[in-house]
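> Below is the sequence, then the predicted model.
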Amino acid sequence: MKRNQFFSITIVLLLLITLPNFLGFIGAGNPSNVDYSETMGSGNFQWAFAVITDSHVGGGIPEFDGIGWDDGASGIDGTNGAYLREAVGWINCNHVKENIKFVIFGGDLADSGEKSELRKGKEILDTLAIPYVPIIGNHDMWPYSGPSKKSDGEGIEAKHARGDEIWKDLFSNTFANLRYSFMNWNDGLRAVPTWNGEADKIDENGNVIEDAGCYSFFQCFSFDYGNPSWHFVFADFGTRDHAPSGYRGVHGGADLFDSAKVQGTWPWLKNHIAGTANNYKDDHLVIITHFPPTKLDAPWGQMSFSFSEYDTITRWMANFQNKIGYWFAGHYHMERAYDVETYGSRTVCRGIETGPTMGGHGCAHCIRVIRVYD
């Protein structure tokens, strides 16, 4: 082979290898949906954080990597993984310019909670150049493989909603490192097994046993950032009930976990806020959940908080309406903001939802940048 032919082939091969990454880098600098519309505080600009959510890694791939949900890491991103990687790329390209200090990931990292989906999602999030804080979503909660609708094909389910334990173990090093990034870190219930008598199980024949009970690892924790301090409180309201008959995985709704059978998220959140609210300036408490706090959609019930749950939450929050400033969420795949109100129309805080990084929706490929002022 002549030398000039060798160099020509080499250049072509290098272009084929690097062009997709180069185009991805260029695309990362020009995202389709970056939202700056919501801010926190007033006065002089101090810093910012980003919110991304609902990546649904593995969506459209019934067996993401091997057979079953308890599988290995996949070498492919898949379509939704690629979209998540684009969002991460934009943040890495722009975090210095925008003064973005950290990223909140709002849940539904995976599509069906397969270990391979979660590992791939974490692999992508780990490429962020700044710290990220993940909270679990309903699609991460009850692992299964195969189609969600049983009549659409074969699949394998976990015997109960053990996604929270997988999440705890998978992100153990991430959370260990976050202690060094934030002040006043509080692990809350995140790494502590709590008996949950409301949790469903399935037997060997796939029959649902309601309220069979299991230990849950409620992903509830908090930390401070900024000067003066903003207090970020993460709360896990994802139900551990099984999906409706004929479907795999977990139910799509929220749960307070406050009954004779379980003392979980809501009791913890109330006690935590009541014990810490006076340590912070007005409006400097920020709640992060996967499920949004909107009464507009409460009639759906099974998709978020029920009427009674929403009423319980907002009536109690009204006692701290001067302290709780903001509530961030995902889940509905919508980009919107509104005043969170009691059924008596008393405003208790600002509700801010972020759309998904995944495609295929009217609101897609979303990144929300929150600029903080004091």
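Arrived safely, thanks for sending.

> Please give me every residue in contact with M141.
For M141, the contact set (Cβ atoms under 8 Å, 6 or more residues apart in numbering) comprises 113, 161, 163-164, 238-240, 249-250. The C-beta positions use only the backbone N, C-alpha and C, and glycine is treated the same way.

> And the spatially most central residue of the chain, what's its pLDDT?
The structure's the chain has its C-alpha centroid closest to G107; by Cα atoms, centre = their mean the separation is 1.6 Å. At G107, the model reports a pLDDT of 97.

> With K201 instead?
K201 is assigned a pLDDT of 97 by the prediction.

> doesn't A158 make contact with it?
No: with contact defined as Cβ atoms under 8 Å, K201 and A158 do not form a contacting pair (9.5 Å).

> what residue ranges in the chain score low on pLDDT?
For the chain, the stretches flagged by pLDDT under 70 are 1-32, 296-302, 360-362.

> domains in it, as residue ranges please.
Following automatic domain parsing, the chain resolves into domains at 1-30, 35-373.

> Could you say which of these is packed most deeply?
Looking across the domains of the chain with neighbours counted as mean count of other Cβ atoms under 10 Å, the highest average goes to domain 35-373: a mean of 20.

> measure that one end to end?
End-to-end distance of domain 35-373: 17 Å, with Cα to Cα, to the nearest Å as the criterion.

> so what strands line up beside the host helix or strand of R371?
Using DSSP states H and E, the element containing R371 is strand 366-373. Using DSSP bridges, the neighbouring strands of strand 366-373 in the sheet come out as strand 33-35 (parallel), strand 39-40 (parallel), strand 45-52 (antiparallel).

> helix or strand for the residue nearest to the centre of the chain, which one?
Short version, using DSSP H and E: G107 is in no helix or strand.

> wait, doesn't it sit right on G137?
Yes: at 2.6 Å, G107 and G137 qualify as touching, with contact defined as Cβ under 8 Å.

> Touching, G59 and G78? I think so.
Yes: counting by Cβ under 8 Å, G59 does reach G78; the two are 7.3 Å apart.

> Against G330, how distant is T357?
Taking Cβ to Cβ, to the nearest Å as the measure, T357 falls 10 Å from G330.

> ah, wrong one, I meant F305
Taking Cβ to Cβ as the measure, F305 and G330 are separated by 14 Å.

> do K159 as well
Distance of K159 to G330, given as Cβ to Cβ: 27 Å.

> Which residues outside stretch 175-189 are in contact with it?
Outside of stretch 175-189, the residues that reach it under the criterion Cβ under 8 Å, 6+ apart are 102, 131, 133, 190-191, 217-225, 229, 231, 234, 236, 264-265, 268, 272.

> give the contact list for the nearest residue to F171 once chain neighbours are set aside.
If you skip the residues right next to it in sequence, F171 has P134 as its closest partner in space, 6.1 Å away by Cβ to Cβ, 6 or more residues apart in numbering. The contact partners of P134, taken as Cβ under 8 Å, 6+ apart, are 105, 107, 109, 125, 167, 171, 174.

> Please save the CA atoms from the helix or strand hosting the last one in CSV.
Under the criterion DSSP H and E, the helix or strand holding T174 is helix 172-178. Extracted in CSV, the C-alpha atoms of helix 172-178 (Å, rounded to 0.1, in the frame of the first residue of the first chain):
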residue,chain,number,x,y,z
SER,A,172,-23.6,4.2,47.6
ASN,A,173,-20.3,5.7,46.5
THR,A,174,-22.2,8.7,44.9
PHE,A,175,-23.9,9.5,48.2
ALA,A,176,-20.7,8.9,50.2
ASN,A,177,-18.9,11.6,48.0
LEU,A,178,-21.9,14.0,48.2
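
> right, and the helix or strand after it?
Taking DSSP H and E as the definition, the helix or strand that follows helix 172-178 towards the C-terminus is strand 183-186.

> ok, that following strand: who's next to it in the sheet?
Looking at strand 183-186 with DSSP bridges, its paired strands and their directions are strand 221-225 (antiparallel).

> which ones are touching the closest residue to A277 other than its chain neighbours?
With Cβ to Cβ, 6+ apart as the measure, K323 is the residue that lies nearest to A277, at 4.2 Å, once sequence neighbours are left out. Going by Cβ under 8 Å, 6+ apart, K323 touches 273, 277-278, 280, 282-285.

> Over to I104?
By Cβ under 8 Å, 6+ apart, the contact set of I104 is 49-52, 132-133, 135, 232, 288, 328.

> The residues you listed: which two are farthest apart?
Using Cβ to Cβ, those span at most 15.6 Å, a distance reached by I52 and F232.

> From G153, how far off is the residue nearest to the centre of the chain?
For G107, the distance to G153 equals 26 Å [Cβ to Cβ].

> same thing with T53?
T53 is 28 Å from G153, where distance means Cβ to Cβ.
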